[in-house]
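>>> Need coordinates for the below:
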Amino acid sequence: MAMELEYDRSLYGIEHKAGPFEISNETIDRANSSTGEAGAAFLSDEGAIAAGYKGRIAPPTLCCILVRQVALPDVKVKFGKTSMHAGQRVEPKAPVYADDQLTASSHLKDVYAKTGRSGTMVFVVWETTFSNQNGEVVAEVQESFARRE
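Residues are numbered from 1 along each chain as shown. Just a heads-up that it's a prediction; the model follows:
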């Protein structure tokens, strides 16, 4: 029998916008440093052009860093006392270049309960789409947050 979850269902279908995020060479340097990225396309225009890009690109994980700056509303899950980050996944769609302006649009994707060895946990899943100044989708980030008793 499925558990009936109490939370703010009115959040479904609402997009939460953020940005623009200016992608500078310094932004890319910080992302490279925090992720240990050392590929030639991420370090210089020359390396990126040699790899077939029009200029220096940001590592795909940059949007995982930017998503932390998107303000998301409280889903008001009536369950548990402890809340934690339960993982994220990024799906790169197009290169992010130095000088790009990215915008983010997030929506509530799912709220569900799962019972395992440590008991029942409730997961809240948000999906954020990042687009550049030309409207091209550059990445989709899915984040999960868990609540446990």
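
>>> how distant is the top strand by length along the chain from the center of its chain?
Taking DSSP state E as the criterion, the chain has its longest strand at strand 101-116. Relative to its parent chain, strand 101-116 has a centroid offset of 9 Å by CA atoms, centre = their mean, to the nearest Å.

>>> average model confidence for it?
The average pLDDT for strand 101-116 rounds to 96.

>>> Now the element after that strand, going C-ward?
strand 119-131 (DSSP states H and E).

>>> What pairs with the helix or strand just after that following strand, parallel or antiparallel?
Sequence order places strand 137-148 as the next helix or strand after strand 119-131, per DSSP H and E. If you go by DSSP bridges, strand 137-148 pairs up with strand 82-92 (antiparallel), strand 119-131 (antiparallel).

>>> and the angle from the last one to strand 101-116?
Spelled out, it's strand 119-131. For strand 119-131 against strand 101-116, the angle by axes from the mean of the first three to the mean of the last three CA atoms, to 10 degrees is 160 degrees.

>>> same thing with the first one?
Using the same axes, to 10 degrees, one finds that strand 82-92 and strand 101-116 are set 130 degrees apart in direction.

>>> May I have strand 82-92 as PDB, with CA atoms only?
The C-alpha trace of strand 82-92 is given here as PDB (Å, rounded to 0.1, in the frame of the first residue of the first chain):
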ATOM      1  CA  THR A  82      16.100  15.300   9.100                       C
ATOM      2  CA  SER A  83      16.700  16.800   5.600                       C
ATOM      3  CA  MET A  84      19.700  16.100   3.400                       C
ATOM      4  CA  HIS A  85      20.900  16.400  -0.200                       C
ATOM      5  CA  ALA A  86      20.500  13.000  -1.800                       C
ATOM      6  CA  GLY A  87      22.400  13.500  -5.100                       C
ATOM      7  CA  GLN A  88      22.300  15.200  -8.400                       C
ATOM      8  CA  ARG A  89      22.800  14.400 -12.000                       C
ATOM      9  CA  VAL A  90      23.800  16.700 -14.900                       C
ATOM     10  CA  GLU A  91      23.000  16.000 -18.500                       C
ATOM     11  CA  PRO A  92      25.200  18.300 -20.800                       C
END
